[in-house]
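**Student:** quick one, fold the following:
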Amino acid sequence: MKILVINCGSSSLKFQLIDMDNESVICKGSIERIGLPISGGENNIIYKVNGEGFISDKEVPTHVDAFNTVIELMTQGEHKVLDSLKEIDAVGHRVVQGGDRYTKSVIIDEKVEKDIEELSPLAPLHNPANLQGYRACLAVLGPNVPQIAVFDTAFHSTMPPMAYLYALPYEYYEKYGIRRYGFHGTSHRYISNRCAEFMGEKIEKLKIITCHLGNGSSIAAVKFGKVFDTSMGFTPLDGFMMGTRSGGIDPSVVTYLQEKLNLSPHQVDEILNKESGVSAISGGYSDDRDVVAMQNQGNQRAILAHEMQAYQIAKYIGSYVAAMNGVDAIVFTGGIGENGFWLRSKICSYLGFLGIEINQSVNHKTVKGAEAELTSPTDDVRVFILATNEELMIARDTKSIVEKLK
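**Tutor:** Just a heads-up that it's a prediction; the model follows:
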């Protein structure tokens, strides 16, 4: 079975074609700047086959045009991987917000499409784009190819009310759905299961804290295979500081800024989402590679940004140890989680109360995509670096649903 995995943003489309017989990636790529002009020499299309990458530039007015470009890449030219579109058995879509309505992946029909659209106010930057991806596939592949929605929020739906409710008037939850939803759920699900597999244990017997660290970051407490709590909340802004996001702050800061600077809610939202976090503290560096470079040069703002980030992450980990009444494993994943040896080391330095003492040699040598244990298999609390694979998780869900249709 060949499954096409689609992850659509407002102006981008990422894809992978996966052979589910052996779970191998046949090809993958991305198309950026959809609906935007392309300046000279700007490559907005990346296509990879068998590890070999190809780049090109082309103006792509709509998501339908983008998907047609994906089809052209896969079916035409010397690097084609399909002889016919009929080889695509199903499409799996990343959908960010499923609200309270979807606690698992589902086949997209008219009702699901309508629900995703109705939930767009809870994820205005993501759900509309995810729908565009679905509709582009429908226009090109037709209605006979099953399309599956895999929701970022679904894995977090097991949180108990004491974890997901805010201490606001209860009617706001009932009328407007204001609660903690959590995000990066597909990554947390993959990583927690991979951790159990790596440990040779059943996930139903483990307490795992998964740290998905990238430009957007979140932490989840996974107790016996189910999410007990997670750092992101009503939106992906909550939690600890990220590349350009503030993370959790005193809510009064919002109203204070509005009054002090005469800002609109939209302007404050822009500040908290796009002008804060590591970038604000470090002096404009949101990419962790740049922050590391500046830190190595002795830049005090960059050093402070990393110190704050490590401290906040360690606090979340500690609180989740308390929430689950213990922990068996802590996992680092994502671009920073897999590459950031300094941050991993600093975070773990706060966790000595758990008996954690990581192998610094292994910590420094591990690179993105690798899997490693930073502790000993005999330790009470084990620490891992594991590469996430959201696309494979989406493909597995898609395969499982499609097989039941036959």
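
**Student:** remind me which residues of the stretch 251-400 of the chain are low pLDDT?
**Tutor:** Scanning the stretch 251-400 of the chain for pLDDT under 70 picks out the ranges 367.

**Student:** repeat the analysis, applying 90 as the threshold.
**Tutor:** Scanning the stretch 251-400 of the chain for pLDDT under 90 picks out the ranges 287, 289, 365-370.

**Student:** which parts of it are helices?
**Tutor:** Counting by DSSP state H, counting those that start in this stretch, the stretch 251-400 of the chain has helices at residues 252-261, 265-274, 277-282, 288-296, 300-324, 334-339, 341-349, 360-365, 390-405.

**Student:** would you reformat those helices as JSON lines and include distance to residue 241 and mean neighbour count?
**Tutor:** Any C-beta I mention is one placed from the backbone N, CA and C, and that applies to glycine too. Formatted as JSON lines, the helices of the stretch 251-400 of the chain follow (distance: least, CB to CB, whole Å; neighbours: other CB atoms under 10 Å):
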{"stretch": "helix 252-261", "distance to residue 241": "14", "mean neighbour count": "12"}
{"stretch": "helix 265-274", "distance to residue 241": "11", "mean neighbour count": "14"}
{"stretch": "helix 277-282", "distance to residue 241": "5", "mean neighbour count": "23"}
{"stretch": "helix 288-296", "distance to residue 241": "12", "mean neighbour count": "18"}
{"stretch": "helix 300-324", "distance to residue 241": "6", "mean neighbour count": "18"}
{"stretch": "helix 334-339", "distance to residue 241": "12", "mean neighbour count": "23"}
{"stretch": "helix 341-349", "distance to residue 241": "12", "mean neighbour count": "20"}
{"stretch": "helix 360-365", "distance to residue 241": "22", "mean neighbour count": "13"}
{"stretch": "helix 390-405", "distance to residue 241": "23", "mean neighbour count": "20"}
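
**Student:** between those, which one is closest to residue 77.
**Tutor:** Residue 77 lies closest, by CB to CB, to one member of the helices of the stretch 251-400 of the chain: helix 390-405, at 23.2 Å.

**Student:** to the chain's geometric centre, what's the distance from the closest one?
**Tutor:** Chain-centre distance of helix 390-405: 18 Å, with CA atoms, centre = their mean, to the nearest Å.

**Student:** also stretch 250-262?
**Tutor:** Averaging C-alpha positions (CA atoms, centre = their mean) puts stretch 250-262 29 Å from its chain's average.

**Student:** and for stretch 257-277?
**Tutor:** 25 Å.

**Student:** same check on stretch 154-161?
**Tutor:** Stretch 154-161 has its C-alpha centroid displaced from the chain centroid by 17 Å (CA atoms, centre = their mean).

**Student:** of the helices of the stretch 251-400 of the chain, which is nearest residue 126?
**Tutor:** Of all those, it is helix 265-274 that lies closest to residue 126, at 12.7 Å by CB to CB.

**Student:** still on that earlier bit, let me have the helices of the stretch 251-400 of the chain in JSON lines, extended by distance to residue 144.
**Tutor:** Output for the helices of the stretch 251-400 of the chain, formatted as JSON lines (distance: least, CB to CB, whole Å):
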{"stretch": "helix 252-261", "distance to residue 144": "49"}
{"stretch": "helix 265-274", "distance to residue 144": "40"}
{"stretch": "helix 277-282", "distance to residue 144": "45"}
{"stretch": "helix 288-296", "distance to residue 144": "44"}
{"stretch": "helix 300-324", "distance to residue 144": "45"}
{"stretch": "helix 334-339", "distance to residue 144": "36"}
{"stretch": "helix 341-349", "distance to residue 144": "47"}
{"stretch": "helix 360-365", "distance to residue 144": "49"}
{"stretch": "helix 390-405", "distance to residue 144": "11"}
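
**Student:** nearest to residue 19, out of these?
**Tutor:** Across the helices of the stretch 251-400 of the chain, closest to residue 19 is helix 390-405 (CB to CB), at 9.5 Å.

**Student:** show me what that closest one is packed up against.
**Tutor:** Counting contacts by 3 or more CB pairs under 8 Å, 6 or more residues apart in numbering; DSSP states H and E, helix 390-405 is packed against strand 2-8, strand 13-19, strand 90-95, strand 106-107, strand 147-151, helix 185-199.

**Student:** indicate which one of those is closest to residue 333.
**Tutor:** Comparing the helices and strands packed on helix 390-405 against residue 333 with CB to CB, the closest turns out to be helix 185-199 (5.0 Å).

**Student:** mind checking what helix or strand follows the closest one in sequence?
**Tutor:** strand 207-212 (DSSP states H and E).

**Student:** now do the buried residues in that next one.
**Tutor:** 207, 208, 209, 210, 211, 212 (16 or more other CB atoms under 10 Å).

**Student:** coming back round to it: could you export the helices and strands packed on helix 390-405 to TSV, including columns for distance to residue 269, mean neighbour count and mean pLDDT?
**Tutor:** Converted to TSV, the helices and strands packed on helix 390-405 look like this (distance: least, CB to CB, whole Å; neighbours: other CB atoms under 10 Å; pLDDT from 0 to 100):
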stretch	distance to residue 269	mean neighbour count	mean pLDDT
strand 2-8	22	25	95
strand 13-19	25	22	96
strand 90-95	22	26	96
strand 106-107	30	18	97
strand 147-151	23	27	97
helix 185-199	23	23	97
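
**Student:** adding distance to residue 84, write these out as TSV.
**Tutor:** Below are the helices and strands packed on helix 390-405 laid out as TSV (distance: least, CB to CB, whole Å):
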stretch	distance to residue 84
strand 2-8	11
strand 13-19	13
strand 90-95	15
strand 106-107	23
strand 147-151	18
helix 185-199	29
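
**Student:** many thanks, I have nothing further to ask.
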